[in-house]
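In: model the structure of this input:
(one chain, ligands or ions: 1)
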Amino acid sequence: MKAHRQLTVVIKLGSSSIVDEITHQPILSVLTLIVETAVKLHQNGHRVVIVSSGAIAVGLRRMNIEKKPKVLARVQALAAVGQCRLISLWDSLFAHLLQPVAQILLTRNDIADRTQYLNAQNTFAELFSMGVIPIVNENDTLAVSEIKFGDNDTLSAITAAMVQADYLFLMTDVDCLYDKNPRTNPDAQPIEVVDDISSLVADVSSSGSNLGTGGMSTKIVAARLATSAGVTTVITRSSKPGNIVEIVDHVQASKQAVSLASSFSTDPTDTPPLSSSASSLQPEAAPKPPLHTRFLPDPHPIRDRSFWLLHGLAAHGTIFIDDGAHRALVSKAGLLPVGIVKVEGTFSQQEAVRIVVLHGVRQNTTTAARPNGFPASTRTVTAEHDSEAGGIIAEPVEVGRALVNYSSVEIARIKGLQSTEIQSVLGYADSEYVALRENISLEKVSRPVTPGRDT
Ligand SMILES: Nc1ncnc2c1ncn2[C@@H]1O[C@H](COP(=O)(O)OP(=O)(O)OP(=O)(O)O)[C@@H](O)[C@H]1O
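Out: Residues are numbered from 1 along each chain as shown. Below you'll find the predicted structure:
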């Protein structure tokens, strides 16, 4: 690997890359190559994190059980058995190359508190400074569905954002993302670069390997999270870990070439000399890297606290807002009760909620302007029920998350009202805002609301 600035690289391995799908035996050849690659990156001055699935599968093998049981307590017990062996396997493989490793087991609860999230960040930073490679997994032994990341693709994206990684490698049993599942469609076409994930067209609906949890769909979710935090995300084949070094080299060289070329001149007629180092670094001159899918990072990434608000917390309910309130949030105002149309779920003050816009909810603009300059709404009428508005409500769209100043019961009573009315309705007014701007984080790409999804 050529000399580059220090990079942070997160490598996520799915269960099907760690253990054989049928026998559940660890695939030592892959694990060894991953260890060699991680140590090589580390020796070149880079920071490496491994996110390793496989605890339940290794537990199945250890206890000679063929199929994953259905009872949760049994699955969690197997995860406890398997995690122990899995980490000892990693530790002994890394030990051959004198590389210290550390185990970090996370649940969503561990990072739901801001102080704990910052603590986790500090622990990672300290491990990096000690030259240790952290090995992360979800704490399957403790996590119940409400506090689960759900799959290790999501966990790896949140980890990558937490350590402000440059790269997230989602290693799997196919070369890259295809326009449809290559296992069942021999004519599937590879997708090599995704520069705008919101306009990605690929069929990822079919499930993955027998051991895998999410197939490609959870990798797309992970790529969306990670790229929004500025992390270049790559899907590539786990049986060829050497690809990681080649892909990083290729991307870094391409970036260097682009920045060198643009530093010559902005005048298109002023061509850089052929002998310049920039021209020799042109991406097309570099050898083609191994097949992979690369999701380009957002050029204006969401940074730490906003990312944590959006993805570190589990939402306890939903606040539905109108278009005016949405425009106010986009213009960096806080959320006033007047823009709230509906509230769902049960939550307390300072808990996280989803913010969903009901586009097409008509505003009555007869009253004074809001403090932030947007028209107030004293009465909300849905277009569905309002012939004057002449339309139908568009699909509800989730636009972000917030930590609220009032509980669900309180918000249900003050929704649609002016802030000056909070005191008379509730008997107290902790804040004129239901959520302060600093406690609101908006998504880069808004998404239609899908029941049950929580990342
Ligand atoms: N459009 C697609 N492109 C590529 N693979 C796809 C696509 N749609 C579905 N797949 C399936 O996704 C599988 C990879 O997902 P899987 O969940 O098995 O991954 P994993 O990361 O190895 O495991 P884990 O979920 O435990 O992390 C592939 O083997 C493939 O069959």
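In: which SSE is Ser206 in?
Out: Using DSSP states H and E, Ser206 falls within no helix or strand.
In: out of everything not next to it in sequence, what's closest to it?
Out: Of all residues not flanking Ser206 in the chain, Asn181 sits nearest, at 4.5 Å (Cβ to Cβ, 6 or more residues apart in numbering). Quick note: C-beta positions are derived from backbone N, CA and C, even for glycine.
In: what about the one you found, neighbour count?
Out: By other Cβ atoms under 10 Å, 18 other residues sit near Asn181.
In: quick one: buried residues of stretch 303-312?
Out: Using 16 or more other Cβ atoms under 10 Å as the test for burial, stretch 303-312 gives 304, 306-312.
In: out of those residues, which is nearest to the ligand?
Out: Taking Cβ to the nearest ligand atom as the measure, His311 is the one of the buried residues of stretch 303-312 closest to the ligand, at 18.0 Å.
In: which residues are in contact with Ala125?
Out: With Cβ atoms under 8 Å, 6 or more residues apart in numbering as the criterion, no residue contacts Ala125.
In: distance of it from the ligand?
Out: Distance, Ala125 to the ligand, by Cβ to the nearest ligand atom, to the nearest Å: 26 Å.
In: in terms of helices and strands, where is that residue?
Out: Here Ala125 is assigned to helix 114-129, by DSSP H and E.
In: run the angle between the helix or strand just after that helix and helix 114-129 for me.
Out: Moving toward the C-terminus from helix 114-129, the next helix or strand (DSSP H and E) is strand 133-138. Interaxial angle of strand 133-138 relative to helix 114-129 (axes from the mean of the first three to the mean of the last three Cα atoms, to 10 degrees): 150 degrees.
In: from here on, count from 557
Out: Okay, using 557 as the starting number, the last item reads as strand 689-694.
In: C-terminal to strand 689-694, what's the next element?
Out: On the C-terminal side of strand 689-694, the nearest following helix or strand under DSSP H and E is helix 708-718.
In: what about the residue nearest to Ser762, which SS state?
Out: Following DSSP: H, G, I helix; E, B strand; the rest coil, the label given to Asn737 is coil.
In: so what's Thr715 up against?
Out: 566, 605, 607, 662, 692, 721.
In: and which of the residues you listed is nearest to Pro742?
Out: Closest to Pro742 out of the contacts of Thr715 is Val607 (30.9 Å), distances taken as Cβ to Cβ.
In: thinking again about what came up before, quick one: the residue nearest to Ser762 from Ile691, how far?
Out: 30 Å (Cβ to Cβ, to the nearest Å).
In: same check, this time on His602
Out: Taken as Cβ to Cβ, the span from His602 to Ile691 is 16 Å.
In: hang on, the earlier thing: the contacts of Thr715 in strands, which ones?
Out: Using DSSP state E to define strands, the subset of those located there is 566, 605, 607, 662, 692.
In: need those in JSON lines (columns: neighbour count, distance to the ligand and pLDDT).
Out: Formatted as JSON lines, those follow (neighbours: other Cβ atoms under 10 Å; distance: Cβ to the nearest ligand atom, whole Å; pLDDT from 0 to 100):
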{"residue": "Val566", "neighbour count": "27", "distance to the ligand": "14", "pLDDT": "98"}
{"residue": "Val605", "neighbour count": "26", "distance to the ligand": "16", "pLDDT": "98"}
{"residue": "Val607", "neighbour count": "28", "distance to the ligand": "9", "pLDDT": "97"}
{"residue": "Leu662", "neighbour count": "19", "distance to the ligand": "15", "pLDDT": "89"}
{"residue": "Val692", "neighbour count": "24", "distance to the ligand": "13", "pLDDT": "96"}
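In: next SSE after whichever helix or strand Glu966 is part of?
Out: Glu966 is located in helix 964-970, with elements delineated by DSSP H and E. Tracing the chain past helix 964-970, the next element assigned as helix or strand by DSSP H and E is helix 978-982.
In: can you name every helix or strand that that next one contacts?
Out: In this structure, helix 978-982 makes packing contacts with helix 964-970, judged by 3 or more Cβ pairs under 8 Å, 6 or more residues apart in numbering; DSSP states H and E.
In: from the chain's centre, how far out does the helix it packs on sit?
Out: 31 Å (Cα atoms, centre = their mean, to the nearest Å).
In: swap in stretch 872-887?
Out: Distance, centroid of stretch 872-887 to centroid of chain: 22 Å (Cα atoms, centre = their mean).
In: may I have it as PDB, with CA atoms only?
Out: In PDB, the C-alpha atoms belonging to stretch 872-887 read as follows (Å, rounded to 0.1, in the frame of the first residue of the first chain):
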ATOM      1  CA  HIS A 872     -40.300   6.200  21.300                       C
ATOM      2  CA  GLY A 873     -43.000   7.800  19.300                       C
ATOM      3  CA  THR A 874     -43.800  10.100  16.300                       C
ATOM      4  CA  ILE A 875     -44.700  13.700  16.000                       C
ATOM      5  CA  PHE A 876     -46.600  14.600  12.800                       C
ATOM      6  CA  ILE A 877     -46.000  18.200  11.600                       C
ATOM      7  CA  ASP A 878     -47.400  20.400   8.800                       C
ATOM      8  CA  ASP A 879     -45.500  21.900   5.800                       C
ATOM      9  CA  GLY A 880     -45.000  25.200   7.600                       C
ATOM     10  CA  ALA A 881     -43.400  23.600  10.500                       C
ATOM     11  CA  HIS A 882     -41.200  21.600   8.200                       C
ATOM     12  CA  ARG A 883     -40.100  24.700   6.300                       C
ATOM     13  CA  ALA A 884     -39.300  26.300   9.700                       C
ATOM     14  CA  LEU A 885     -37.100  23.300  10.700                       C
ATOM     15  CA  VAL A 886     -35.300  23.400   7.400                       C
ATOM     16  CA  SER A 887     -34.600  27.100   8.100                       C
END
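In: buried residues in that stretch?
Out: 872-885.
In: one more: stretch 639-654?
Out: Those would be 639-643, 645-646, 649-650, for stretch 639-654 by 16+ other Cβ under 10 Å.
In: all helices of this protein, in order?
Out: 571-574, 584-599, 611-618, 628-652, 664-668, 670-685, 708-718, 773-784, 798-820, 833-836, 860-863, 879-886, 964-970, 978-982 (DSSP state H).
In: which residues touch the residue nearest the centre of the chain?
Out: What sits nearest the mean C-alpha location of the chain, by Cα atoms, centre = their mean, is Leu781, with 2.7 Å. Counting by Cβ under 8 Å, 6+ apart, Leu781 makes contact with 710, 713-714, 717, 867, 1011.
In: where in the stretch 707-856 of the chain is pLDDT low?
Out: 763-770, 820-842 (pLDDT under 70).
In: ends of stretch 869-884, how far apart?
Out: Taking Cα to Cα, to the nearest Å as the measure, stretch 869-884 stretches 23 Å from start to finish.
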